[in-house]
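In: Predicted model and sequence follow; I will ask about them next.
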Amino acid sequence: MRRDPIPGSGTARSKSAHRGTSVVKTVRVKVDPENPPREVIEEAARVIRSGGLVAFPTETVYGLGADALNPDAVMRVFRVKGRPPDNPLIVHVADPESIYLLASEVPRVADLLIERFWPGPLTLVLKRTEVVPPVTSAGLDTVAVRMPDHRVPLELIRSAGTPIAAPSANKSGSPSPTTADHVMMDLEGVVELVLDGGPTEIGVESTVLDVTVYPPEVLRPGGLSVEEIERVVGRVRVPGWARGLEKYTSRPRSPGMKYRHYAPKARLILVEGSPQAVYSKVQELVKELYGTGTKVGVLTTDGKRYENATTVDLGPSRDLRTVAKSLFCSIRALDESGVDVIIAESVEEKGIGLAIMNRLRKASGGEIVSV
Ligand code: TXA
Ligand code: MG
């Protein structure tokens with residue numbers, strides 16, 4: 001007798017499941033990230049090929065995958081996430097050569113970066129070919145491409161035989177998911193399959209780099225630091241809005257940056273400045289808020305404690321990789337604990353710290369206290 005590798009996934013692929021946000025049965029399957037079982041990958045590939053949605057881990061965050069070349073499947077991704085239709089998706093590939101299917105021009109800097117950083121947390125924006133459906137690129141003449149450094153998506157893409165469009169697997173606006181629990185919280189009942197490969201390694205999304213311009217321009221700081229990119233291609237541009245310093249006003253180069261993002265249900269206040277000044281200011285704010293009966297949570301580093309607040313330690317301030325890894329799940333945890341306000345301390349804006357600060361600034365919706 002043939003064993004059903006994913007019990008229930010047969011019904012999950014019923015016709016109605018593919019219409020809009022109608023309720024589907026979401027099947028969650030544990031997979032070994034180092035060695036995902038072939039029958040599970042093959043079943044997931046069948047879901048992708050039939051126009052369904054599969055959430056999977058990557059080295060950055062969980063992605064919500066659909067066949068990138070199937071406009072109906074991609075449209076469903078936008079619907080179930082509640083994503084604005086002008087915010088394009090990243091197309092994931094399983095080998096560097098696939099870029100030639102999707103991109104009409106591959107400049108030399110792109111070749112150098114691919115050679116050095118793929119697979120990995122670097123997304124390249126290039127001029128697109130006609131193969132990419134307009135809906136995937138939200139009508140732009142470019143396409144964002146990345147090769148993830150994770151066996152689950154790599155094997156899934158190969159088995160499905162098609163590139164996979166995958167935004168982060170959260171409802172639009174909320175923090176990106178770093179565990180399958182987060183994915184279930186946001187998307188249970190609207191996706192067919194969730195592959196649970198445990199917590200993700202990096203914890204913030206990939207760096208998005210526009211290589212259609214010279215010097216290349218960072219459209220979203222992420223898991224790969226600007227310093228590492230510059231070591232390979234020389235200077236890159238980091239516009240103020242990519243840091244989160246100014247409001248997004250220029251032309252929509254990275255449409256995603258103009259929306260409020262990573263936002264917890266609680267109000268988030270970011271306190272920026274030198275560590276000592278930040279510590280004093282956070283103490284003061286906690287005292288003030290606590291005094292008015294407000295439940296306060298604090299995102300801190302280096303094991304600091306704050307009286308009258310639920311404090312979550314993100315890790316050592318000298319090890320920002322650890323801080324990045326715990327950032328989104330800590331924001332979600334504080335939300336779950338029912339705090340009204342989250343106060344976040346700034347971190348140093350170097351290496352992956354640039355991505356952390358970008359996410360915190362966006363999560364704050366501009367509520368920033370500089371000391
Ligand atoms: O790490 C990641 O990048 C994750 C994992 C799942 O791969 N994906 C992810 O996708 O974060 P998403 O959709 O949440 O973010 C994609 C970002 C958005 O800011 C979007 O505006 C930008 O990439 N983007 C996509 N295509 C673009 C294009 N053609 N031009 C400019 N920006 C683009
Ligand atoms: Mg996202």
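Out: Received, thanks. All figures in this text were calculated on a predicted structure; none of them were measured in a lab. Ligands and ions are numbered 1, 2, ... in the order given.
In: Okay, P119 and T294: tell me how far apart.
Out: In this structure, P119 and T294 are 45 Å apart, going by C-beta to C-beta, to the nearest Å. Quick note: C-beta positions are derived from backbone N, CA and C, even for glycine.
In: Comparing those two, which shows the higher neighbour count?
Out: Of the pair P119 and T294, P119 is the one with more neighbours under other C-beta atoms under 10 Å, namely 21 against 16.
In: Tell me which residues of stretch 362-371 come out buried.
Out: 362-364, 368-369 (16 or more other C-beta atoms under 10 Å).
In: same deal with stretch 82-102?
Out: Going by neighbour count (16+ other C-beta under 10 Å), the buried part of stretch 82-102 is 83, 87-94, 96, 98-99, 102.
In: Equivalent analysis for stretch 217-228, please.
Out: Of all the residues in stretch 217-228, those buried under the rule 16+ other C-beta under 10 Å are 217-226.
In: Tell me the gap between that stretch and the middle of its chain.
Out: For stretch 217-228, the distance between its averaged C-alpha position and the chain's averaged C-alpha position is 14 Å (C-alpha atoms, centre = their mean, to the nearest Å).
In: mind exporting that stretch as CSV, just the C-alpha atoms?
Out: Taking only C-alpha atoms (Å, rounded to 0.1, in the frame of the first residue of the first chain), the coordinates of stretch 217-228 have been written out as CSV:
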residue,chain,number,x,y,z
GLU,A,217,21.7,50.6,-4.5
VAL,A,218,20.5,48.9,-1.3
LEU,A,219,16.7,48.8,-1.4
ARG,A,220,16.4,46.9,1.9
PRO,A,221,19.2,46.2,4.3
GLY,A,222,19.2,42.6,5.4
GLY,A,223,21.1,39.4,6.3
LEU,A,224,24.1,40.2,4.1
SER,A,225,25.8,43.4,5.4
VAL,A,226,26.7,46.4,3.2
GLU,A,227,30.3,46.1,4.3
GLU,A,228,30.5,42.5,2.9
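In: on that earlier part again, please flag which of the buried residues of stretch 362-371 sit within strands.
Out: Of the positions in the buried residues of stretch 362-371, 368-369 sit in strands, assigned by DSSP state E.
In: I'd like the buried residues of stretch 362-371 written out as CSV, with pLDDT and distance to P316 added.
Out: What follows is these, written out as CSV (pLDDT from 0 to 100; distance: C-beta to C-beta, whole Å):
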residue, pLDDT, distance to P316
K362, 90, 24
A363, 92, 21
S364, 93, 23
I368, 94, 24
V369, 96, 23
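In: closest to ligand 1 among the buried residues of stretch 362-371?
Out: For these, the closest approach to ligand 1 (C-beta to the nearest ligand atom) belongs to K362, at 10.5 Å.
In: Around ligand 1, which positions in this structure sit nearby?
Out: In this structure, the chain approaches ligand 1 at residues 58, 60-61, 63, 87-90, 121, 123, 125, 137, 140, 142-144, 146, 148, 166-168, 205-206, 208, 219-220, 253-257, judged by C-beta under 6 Å from any ligand atom.
In: Which members of the residues you listed occur in strands, if any?
Out: Assignment to strands by DSSP E places the following of the residues of the chain next to ligand 1 there: 63, 90, 123, 125, 142-144, 146, 208, 219-220.
In: Whichever of these end up buried, select them in PyMOL.
Out: Once 16+ other C-beta under 10 Å is used to decide burial, the buried members of these can be selected in PyMOL as follows:
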select buried, resi 63+90+123+125+142+143+144+146+208+219+220
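In: quick revisit: kindly indicate which of the buried residues of stretch 82-102 lies nearest ligand 1.
Out: Relative to ligand 1, the closest of the buried residues of stretch 82-102 is P88; by C-beta to the nearest ligand atom it sits at 3.4 Å.
In: can you give me phi and psi for L270?
Out: The phi and psi torsions at L270 (degrees, to the nearest 10) take the values phi -100, psi 130.
In: With R237 instead?
Out: Per degrees, to the nearest 10, the residue geometry at R237, taken as phi and psi, is phi -90, psi 130.
In: How much space separates it from E192?
Out: With distances taken as C-beta to C-beta, R237 is found 40 Å from E192.
In: These two: which is more packed in?
Out: Neighbours were tallied for R237 and for E192 using other C-beta under 10 Å; the higher tally belongs to E192 (28 against 14).
In: where does the chain dip in pLDDT?
Out: In the predicted model, the chain carries pLDDT under 70 at residues 1-22, 244-261.
In: about what we covered before: which pair in the buried residues of stretch 82-102 spans the largest distance?
Out: Set against one another by C-beta to C-beta, the buried residues of stretch 82-102 have their most distant pair in R83 and P96, with a gap of 27.6 Å.
In: Residues in contact with stretch 334-344: which ones?
Out: Under the contact criterion C-beta atoms under 8 Å, 6 or more residues apart in numbering, stretch 334-344 has outside partners 264-271, 282, 285-286, 289, 294-299, 309-310, 312, 331, 360, 363-364.
In: Pretty sure K287 sits in a helix.
Out: Yes. According to DSSP: H, G, I helix; E, B strand; the rest coil, the state of K287 is that of a helix.
In: surely it meets N308?
Out: Yes. Using C-beta atoms under 8 Å, K287 makes contact with N308 at a distance of 7.2 Å.
In: so where do the strands sit in the stretch 101-250 of the chain?
Out: For the stretch 101-250 of the chain, the strands defined by DSSP state E, counting those that start in this stretch occupy 122-127, 142-146, 164-165, 193-196, 207-210, 217-220.
In: TSV please, covering the ones you listed and showing distance to L156.
Out: TSV is the format used below for the strands of the stretch 101-250 of the chain (distance: least, C-beta to C-beta, whole Å):
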stretch	distance to L156
strand 122-127	18
strand 142-146	14
strand 164-165	7
strand 193-196	8
strand 207-210	22
strand 217-220	24
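In: Skipping adjacent residues, who's closest to P96 in space?
Out: Using C-beta to C-beta, 6 or more residues apart in numbering and skipping the chain neighbours, the partner closest in space to P96 is I114 (5.0 Å).
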